[in-house]
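Engineer: coords please:
(2 chains)
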2 protein chains.
Amino acid sequence: MTGPTPERARSHRDQRQRARPLYPPAVPFIERAIPPYEMLDEEALIAVERHADLILQEVGMEIRGDGRAISLWKQAGADIEGESRVRVPSGLAREIVKRSAPAAFVQHARNPARSVTVGGRATVFAPAYGPPFVSDAEHGRRYATLEDFRNFVKLAYLTPWLHHSGGTVCEPTDIAVNKRHLDMLYAHMTLSDKAFMGSVTTAARAQDSIEMCRILFGADFVDRHCVILGNVNVNSPLVLDGEASRVIRTYAAANQAPVCVPFILGGAMGPVTTAGGLAQCFAEAVFCVALGQLERPGSPVILGNFLSSMSLKSGAPTFGTPEPPLAYFAIGQLARRLGVPLRCGGNLCASKLPDAQAAYESASSMWPAFLAGANFILHSAGWLEAGLVMSYEKFVMDVEQCGALHVVGRGLVLDDNGFALDAFREVGPGNHFLGSAHTMRNYETAFFDFELSDNNSFEQWTQEGSHDIVWRANRKWKSLLESYRAPPLDPAKEEALSAFIAERKASLPDVNY
Amino acid sequence: MTGPTPERARSHRDQRQRARPLYPPAVPFIERAIPPYEMLDEEALIAVERHADLILQEVGMEIRGDGRAISLWKQAGADIEGESRVRVPSGLAREIVKRSAPAAFVQHARNPARSVTVGGRATVFAPAYGPPFVSDAEHGRRYATLEDFRNFVKLAYLTPWLHHSGGTVCEPTDIAVNKRHLDMLYAHMTLSDKAFMGSVTTAARAQDSIEMCRILFGADFVDRHCVILGNVNVNSPLVLDGEASRVIRTYAAANQAPVCVPFILGGAMGPVTTAGGLAQCFAEAVFCVALGQLERPGSPVILGNFLSSMSLKSGAPTFGTPEPPLAYFAIGQLARRLGVPLRCGGNLCASKLPDAQAAYESASSMWPAFLAGANFILHSAGWLEAGLVMSYEKFVMDVEQCGALHVVGRGLVLDDNGFALDAFREVGPGNHFLGSAHTMRNYETAFFDFELSDNNSFEQWTQEGSHDIVWRANRKWKSLLESYRAPPLDPAKEEALSAFIAERKASLPDVNY
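Structural biologist: Sure, this is the predicted structure:
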């Protein structure tokens, strides 16, 4: 036998692929060189702030069953009616935030090269969060398991275009509800070395999440640095149940970052008009961010935003519609005025399949979020069916779109090489640039290369089987998972984490709430 | 029989559908209430202008075989080398444009209610242009015929979200090349009452197009008003063949609007770096716009822009990549500084199918074009396979995306009804807005309603056949075509047009170039 064996041929191909420089270079997070889109003028921004203030002052928020949160607001100067209604004098909530909330912070990863900055010109992409189901092209839609969870942590680890491991990338429904946070965190901590999110379903589970971080990072380090985020949904409209407020306070007290997210489906949890939803969203988020600052001034925090419209036919939530982008652009400006990092939704969609509906919807959500200057974009990859499903194929498709946004964020490079005057002088009118010195010099890093897109001729594409992008995405996630190798972790830490989990699991009966 | 007959039931449903107000209301064109995205600062814009000037001054453009164009440039102050090379002193081309080109103009439709403004804050959506093939879900990809052409004119007429009938919506390949422009214009003029585009393949065919407009609108009216656009591609890099320059002059001389479009595939007809492609694109477009102004100062004109990147694997053109959007944003600013209307590409894609690849690519092209402030967005609907194919399904899918952008363009409505304070006062914390007076008042016009999107539950969607969006799009375009009724046209004009076409056809042998 003279020719290369299949293994050797593959190894050569792998080397070639490794040899080609990645464009744009993989980075721990995006530092946008382009400005955000400024949609509203000063007068309009003040009008939104004023209406958010009016909501907090006239109607107020309810905090149900968290006496400490109520008393923090009382001390801060809010009017408390009964046991739960908090009416905030105009401007006070924003004042509290401005006084102490950091405009940007670093969330540390266990691999320091992967720590992310949240705020300012930085943008961090994290995978989808929360789906109870998964789907793939061969096996369809099914309940997610811990095995699926581990797969998505691995996939997020493997891609250069997601900067964050996320949180509940899918619900491991084969584990008891009151214990699954332990397995999820263990997966994030051991299978990836990117930054991650902790549990928010109860204050005790948030505390467990922070305890595990103390094992991984050291207790002192955790007290001084942000190492975990907790994504807390407001019970919109205008309610924080005691669990949600305690979870915000638990993260803040530990100097970790709650992500405070009103979840507003216009027409149900908020008004049907976008300006009203925006004002409500801002009011609720500022109220929660302020609560964290009252618990521990200066603790890191992210102002969240999740607005969706509603199908007029069925009342179902819709995504990729034109109303939320307008709110994204506005809330980006409001967050910058307030001086806090912003979370927006990412590749959101309502489609049941990773088809054109899903892609139109996703891009029509992701582009506005990115141009709005969002700092932390949750749901950047995998989200399908209004968030009920984490799709293997959509995940790798979305990831490439995230990669392309790295190029957009870098902006135009207006130097001599970028302007290429030497190429025009060399080539002149009517000739082509293929062989010019400038092209040769820049060829390999000139354009973002979508691996899943087919740009071949119709004839070649037909010969290769006339496949759509889902077919290619199916092969891609499988080959990625095959290539996975775990990042090294100190065995002593791994043992300590395992011991903590075993002890916690033994101390609790399985329950499913 | 007591129940409604099927016909009566359908008629009732039609009435209900007609009764529901269209949201947003159909408009002859979009008047953007949101500002364009300003990506570059003043210094950067000046740098691009300076490099475009340098290209025109140092390298220059060639005009091959059009003595009058050369002499117009000579009189204007350019240096002419040999018979064809035109070197333009720095800043002169922009000066010529600024001196006389209108910042906005009205293109009149034969139905005055459908006339479009091109320029300023207006955005006009027109269908895809140029594909030799069509495709649909049942019959696949095939050469386009006049029947297909007529179908797409009807579809563009029927949708409220395209403002323009376009030009070569597909190539009627069953008609001789030198005669098909006559049939295409006849279709635009008789099957639709929206504004349209004329032939640009030769100056004689451009002249035919204008002659037919004189029959339709009256010769006096045509001399004083813009009624037709001609989309002229530069032979990039830096060449105008004599036919292209004569076509530009033909439209300008008749006070009609040439759309001057450099067609640059980075790495082939331009450098691989985006800044260089941008400077070239601006230089070529300004040169052509200026030529029209030299022919007839004050004549209407559109500055075009078509940049695409290249697959590193195959050299094929790619679309929906992140490099062109950066150029769109920049050229939007440059066009505004220059004071001329801008054309950008629309729902462009390279995919062979209307799948998620096509949709990601399209949205990643359309969103930036729209936010860049483009005034005339050609290829807004139907474009597939790098422009080789006009797809029936993609057409109706894209059209809905255009509809959604009407809402984006309207911006946030920041009035009392928009802010909905009365709803918050009525509903209060923890309750829902479904039955509130504010919701009842705004429900029907609250959200853009994507007819082709499925937002139903998984169970309902499964029961209905688990269809993707292509299946729904297939039904949609067929039912649209079934509903088509031609807009009335004075029979005398129709006869005169037919007579003109018959006479022109009889005077020429069929040729296919």
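Engineer: so where's the stretch 301-450 of chain A uncertain?
Structural biologist: For the stretch 301-450 of chain A, applying pLDDT under 70 flags no range at all.
Engineer: the helices in it, which residues?
Structural biologist: Assigned by DSSP state H, counting those that start in this stretch, the helices in the stretch 301-450 of chain A fall at A:323-338, A:356-371, A:392-410, A:416-419, A:421-427, A:437-442.
Engineer: All the helices of the stretch 51-200 of chain A, residue numbers only.
Structural biologist: A:67-76, A:92-100, A:146-158, A:180-191.
Engineer: Tell me which of those lies nearest to chain B.
Structural biologist: With C-beta to the nearest C-beta, the closest approach to chain B among those belongs to helix A:67-76: 13.9 Å. C-betas here are computed from N, CA, C, even on glycine.
Engineer: what residues does the closest one touch?
Structural biologist: Under the criterion C-beta atoms under 8 Å, 6 or more residues apart in numbering or on different chains, residues A:63, A:80, A:83-84, A:86, A:88, A:92, A:96, A:240, A:242, A:245-246, A:249, A:290-291, A:294-295 lie in contact with helix A:67-76.
Engineer: one more time with 6 Å, if that's ok
Structural biologist: Helix A:67-76 is contacted from outside by A:63, A:80, A:86, A:245, A:294, using C-beta atoms under 6 Å, 6 or more residues apart in numbering or on different chains.
Engineer: So for stretch A:500-513, mean pLDDT?
Structural biologist: The average pLDDT within stretch A:500-513 is 95.
Engineer: start to end distance for that stretch?
Structural biologist: 21 Å (C-alpha to C-alpha, to the nearest Å).
Engineer: Pull out the buried positions in it.
Structural biologist: A:500-501, A:504 (16 or more other C-beta atoms under 10 Å in any protein chain shown).
Engineer: still on that earlier bit, buried among the contacts of helix A:67-76? Make that a PyMOL selection.
Structural biologist: Buried residues among the contacts of helix A:67-76 (16+ other C-beta under 10 Å), as a PyMOL selection:
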select buried, chain A and resi 63+86+245+294
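Engineer: out of the contacts of helix A:67-76, who's near chain B?
Structural biologist: Checking the contacts of helix A:67-76 against chain B by C-beta under 6 Å from any C-beta of the partner chain, not one of them is in range.
Engineer: any chance of the contacts of helix A:67-76 in JSON lines, with pLDDT too?
Structural biologist: Shown next, in JSON lines, are the contacts of helix A:67-76 (pLDDT from 0 to 100):
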{"residue": "A:Ile63", "pLDDT": "98"}
{"residue": "A:Ile80", "pLDDT": "98"}
{"residue": "A:Val86", "pLDDT": "98"}
{"residue": "A:Ser245", "pLDDT": "98"}
{"residue": "A:Leu294", "pLDDT": "98"}
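Engineer: ok so, going back, determine which stretch of the helices of the stretch 301-450 of chain A is the most buried.
Structural biologist: Of all the helices of the stretch 301-450 of chain A, helix A:356-371 has the most neighbours on average by mean count of other C-beta atoms under 10 Å in any protein chain shown, namely a mean of 29.
Engineer: What lies in contact with stretch A:319-332?
Structural biologist: With C-beta under 6 Å, 6+ apart, stretch A:319-332 has contacts from A:36-37, A:39-40, A:274, A:278, A:305, A:307, A:309, A:342, A:344, A:348-350, A:361, A:364-365, A:368-369, A:372-373, B:404, B:407-408, B:412, B:447-448.
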